Structures are given as C-alpha cells and as structure tokens.
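[1] need a structure here:
(one chain, ligands or ions: 1)
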Amino acid sequence: MSVPLSTIRSAFFLLFTQDPRRLYTLLGIPEGKRYLNLGYWERSDMNLEEACDELVRKVGSLARLRAEDIVLDVGFGFGQQAVLWVEEFACRKIFGINVTPLHLNESNALIRRRGLQEVIRYQLGDAVAIPFRANCFDKVLALECAFHFKTREKFFREAYRVLKPGGLLVTADIIRGKVRGRWPNQVGHRLFGFLQERFWQIPAENRNDISQYRRYLERAGFSEIMATDVSDKVFGSLVSYYLSKSQPHEDLLIRLLLNMTRGFCRSGYLRYTLSRASKPGPAPGEEQ
Ligand SMILES: C[S@@+](CC[C@H](N)C(=O)[O-])C[C@H]1O[C@@H](n2cnc3c(N)ncnc32)[C@H](O)[C@@H]1O
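    Down below sits the predicted model:
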C-alpha cells in the first residue's frame with residue numbers, strides 16, 4: 001500500500017484546522033454506493049453498503065417519513081440517503097444543505113441521473129445558519145454529521161426554528177461516553193480521542209455525553225426526546241468488516257489503526273446515538 005506524500009501532508013494539516021470541507025475534499029469520492037456513514041449492522045454478515053442502507057432506513061423510520069412531508073436533509077454527503085427515502089418511504093419533497101462543494105456537485109449529478117430533480121433539491125448551506133425561513137419543514141434529518149457542526153447546540157436551535165410545530169428532528173450522531181479502566185487507559189484514550197477529534201474535524205464544544213445531548217435538545221425547545229445508544233450495532237461490526245477486508249501484510253498500518261479504533265470504541269469513549277425530538281404542537285397533518 002503506498003499513500004502519496006501529499007496526502008499524508010494534507011492529513012497531518014487536518015490536525016490544525018476546523019473545516020470539514022478540507023477533510024471531505026481530501027477523502028474524495030468513495031467507491032460503490034457513495035455513503036459516508038458507519039452503517040447500522042443488524043447482522044454480522046452484512047456488507048458495508050447494506051449496513052449504510054440500514055442506517056438510512058432506521059433514520060427514515062424513526063422520523064416516521066411520509067409522502068407528504070417536506071424534509072430537510074442536513075449534511076447529505078453524496079445524496080445517496082435521500083434516494084433511499086424517496087424509493088422506500090415515497091418522500092416527494094426533500095431539500096438538502098451541505099458545506100462541501102464536492103458533495104453538492106456529486107449529489108446533483110446523482111439526482112439528475114435518477115431523474116429526481118423535481119423531488120430532491122440540494123444547495124450549499126451551513127447547519128448552524130440554515131438558509132430557510134422559520135416553520136417550513138415537517139422533518140429535519142441529520143445523518144452522521146451533527147458532530148461536525150460548530151456547534152451542535154446551535155444546530156439544534158436552527159432545526160427547531162425551521163421545523164413546523166409538531167415537526168421532528170432525527171439525528172444519527174457520534175457522542176462521548178465515559179472511559180472505563182484505570183488511569184493509563186484513561187490517558188491513552190484521551191490522547192487518541194483528542195487526535196481523532198482533530199482529524200475528523202469535531203469541535204471541542206461537541207464533546208457531549210448523552211445527558212448533555214438531551215439537555216441541549218430541551219434547551220432548544222424540543223420535547224418528547226428519545227436518545228438511544230446503538231454503539232453495539234455500529235462500531236464493533238464495522239471494524240471487524242474492515243479487518244476482514246484488509247490484507248495482513250500489505251495493510252499493516254491500517255490494521256493497526258483499526259485495532260486501535262476497536263479498542264477505543266470498546267473502551268466506551270465514543271458512543272453512537274439515534275435520537276428523535278419533537279417541536280411542540282400538533283403533528284403535521286393533524287392540525288385543525
Ligand atoms: C460523515 S458525512 C455524512 C454524509 C451522509 N449523511 C452519509 O451518511 O453518507 C458528514 C457530512 O456533513 C457535511 N457537513 C459538515 N459540516 C457541515 C455543516 N456545518 N453544515 C452542513 N453540512 C455539513 C459534510 O460535508 C458531509 O457531507
């Protein structure tokens with residue numbers, strides 16, 4: 001395996017920036033189905049694409065997506081998820097915002113190829129300054145991206161503003177847990193965690209555990225908050241999947257990193273949550 005020096009240099013510089021656009025421009029375009037999430041591993045024999053589809057489905061079901069919903073998809077990646085919501089939930093109107101121009105261009109190309117221009121509309125836009133008026137969406141969905149936002153709490157307030165009364169915010173998100181074990185473990189995990197946060201462009205303000213997460217949602221005005229820890233369905237199988245794909249001799253560094261990541265996830269430092277919160281008011285479709 002040979003990684004060009006320029007890529008290593010760019011990856012190193014990511015440690016000193018706070019701009020997800022740089023990260024995603026460096027990561028480029030994935031092969032196969034273009035997802036950028038960790039997947040939901042319902043069964044251990046799934047492949048990555050199936051697991052990613054499953055996570056998208058989980059978010060759609062949690063949001064109780066219906067044909068008549070007007071949906072905002074925040075951080076839409078390569079646009080793959082909205083296509084599934086159209087095909088499997090019959091959504092007829094999805095708007096999306098994203099800060100990465102590469103993702104906007106590729107997603108627009110995908111919906112043109114699928115002939116979905118009338119159903120899905122993407123534009124550049126920041127989750128913490130959503131370029132839409134108040135009370136205009138039935139659902140706001142943020143699939144594995146709110147940890148990037150500066151800050152996640154500001155995004156919750158923005159999501160609340162643009163939702164109609166009775167509307168739902170659904171997130172799939174990576175948060176903080178508590179590190180188990182004695183102090184050498186604690187120090188090691190904190191250091192590795194710090195480097196991971198720098199590399200993955202996660203602002204320090206977003207080091208929230210599940211109770212803070214709920215508190216931020218409440219403070220934004222949401223009620224009927226449900227936040228479930230699904231780490232077991234996300235991290236473990238994903239790492240095993242990559243380990244089974246990598247070649248022991250060629251990918252020594254990758255295997256080392258994957259094993260470190262597995263230990264890191266098992267330590268409880270990172271948690272994966274699926275959450276739903278409601279803007280008080282009659283559910284869309286139930287208004288007088
Ligand atoms: C981990 S990817 C997830 C993409 C997609 N949801 C998926 O599951 O494949 C995070 C996405 O969030 C976008 N993003 C990061 N910061 C953002 C912000 N402040 N506002 C809107 N989108 C943002 C990135 O450009 C990227 O597309």
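[2] Asp138 falls within a strand, correct?
    Yes. Judged by DSSP: H, G, I helix; E, B strand; the rest coil, Asp138 forms part of a strand.
[3] surely it touches Leu168?
    Yes. Because the distance of 7.5 Å satisfies C-beta atoms under 8 Å, Asp138 is recorded as touching Leu168. In short, each C-beta sits where N, CA and C put it, glycine included.
[4] who has more neighbours out of those two?
    Leu168 (26 against 22; other C-beta atoms under 10 Å).
[5] what mean pLDDT does stretch 272-287 have?
    Throughout stretch 272-287, pLDDT has a mean value of 86.
[6] how far away from the center of its chain is it?
    When distances are taken as C-alpha atoms, centre = their mean, to the nearest Å, stretch 272-287 is centred 19 Å away from the chain's centroid.
[7] what do you get for stretch 26-46?
    12 Å.
[8] give me the residues contacting that stretch.
    Surrounding stretch 26-46, the residues in contact under the criterion C-beta atoms under 8 Å, 6 or more residues apart in numbering are 7, 10-11, 14, 24, 48-58, 77-81, 102, 106, 110, 143-144, 172, 230, 233-238, 240-241, 272.
[9] take these and keep only those in helices.
    Mapping these onto helices (DSSP state H) picks out 7, 10-11, 14, 24, 48-58, 80-81, 102, 106, 110, 233-238, 240-241.
[10] among those residues, which are within reach of the ligand?
    For the ligand, the contacts drawn from these by C-beta under 6 Å from any ligand atom are Tyr24, Gln81.
[11] can you tell me which of the ones in helices among the contacts of stretch 26-46 are buried?
    14, 24, 48, 51-58, 80-81, 106, 110, 233-235, 237-238, 241 (16 or more other C-beta atoms under 10 Å).
[12] can you tell me the element Leu169 falls in?
    strand 163-176 (DSSP states H and E).
[13] what packs against that strand?
    helix 48-62, strand 137-143, helix 152-162, helix 210-220, strand 270-278 (3 or more C-beta pairs under 8 Å, 6 or more residues apart in numbering; DSSP states H and E).
[14] give me the distance from that strand to the chain's centre.
    Worked out by C-alpha atoms, centre = their mean, strand 163-176 lies 12 Å from the chain centre.
[15] what about it, average pLDDT?
    Strand 163-176 comes out at a mean pLDDT of 96.
[16] so is it next to the ligand?
    No. Using C-beta under 6 Å from any ligand atom, we find that strand 163-176 stays clear of the ligand, coming within 7.7 Å at best.
[17] what's the next secondary structure element after that strand?
    Counting by DSSP H and E, what follows strand 163-176 is helix 183-199.
[18] tell me the angle that following helix makes with strand 270-278.
    Relative orientation of helix 183-199 versus strand 270-278 (axes from the mean of the first three to the mean of the last three C-alpha atoms, to 10 degrees): 60 degrees.
[19] quick one: list the elements packing against helix 183-199.
    Helix 183-199 packs on helix 5-14, helix 252-266, going by 3+ C-beta pairs under 8 Å, 6+ apart.
[20] just the ones you listed: most buried one?
    Using mean count of other C-beta atoms under 10 Å, the stretch among these with the largest mean neighbour count is helix 252-266, at a mean of 15.
[21] give me the contacts around stretch 181-198.
    Contacts of stretch 181-198 (C-beta under 8 Å, 6+ apart): Leu14, Leu15, Phe16, Val179, Ile202, Ala204, Arg207, Met260, Phe264, Ser267, Tyr269, Leu270.
[22] hang on, the earlier thing: what pairs with the strand holding Leu169, parallel or antiparallel?
    Sheet pairing of strand 163-176 (DSSP bridges) gives strand 137-143 (parallel), strand 270-278 (antiparallel).
[23] buried set for it?
    Buried residues in strand 163-176 (16+ other C-beta under 10 Å): 163-164, 166-176.
[24] same question for stretch 207-221.
    Asn208, Ile210, Tyr213, Arg214, Tyr216, Leu217, Ala220.
[25] nearest residue to Ser10 other than its sequence neighbours?
    Ranked by C-beta to C-beta, 6 or more residues apart in numbering and with sequence neighbours excluded, the top spatial neighbour of Ser10 is Leu26, at 5.0 Å.
[26] ok but that neighbour is inside a helix, no?
    Yes. Secondary structure of Leu26 (three-state DSSP): part of a helix.
[27] give me the neighbour count for it.
    13.
[28] could you check how far it is from the ligand?
    12 Å (C-beta to the nearest ligand atom, to the nearest Å).
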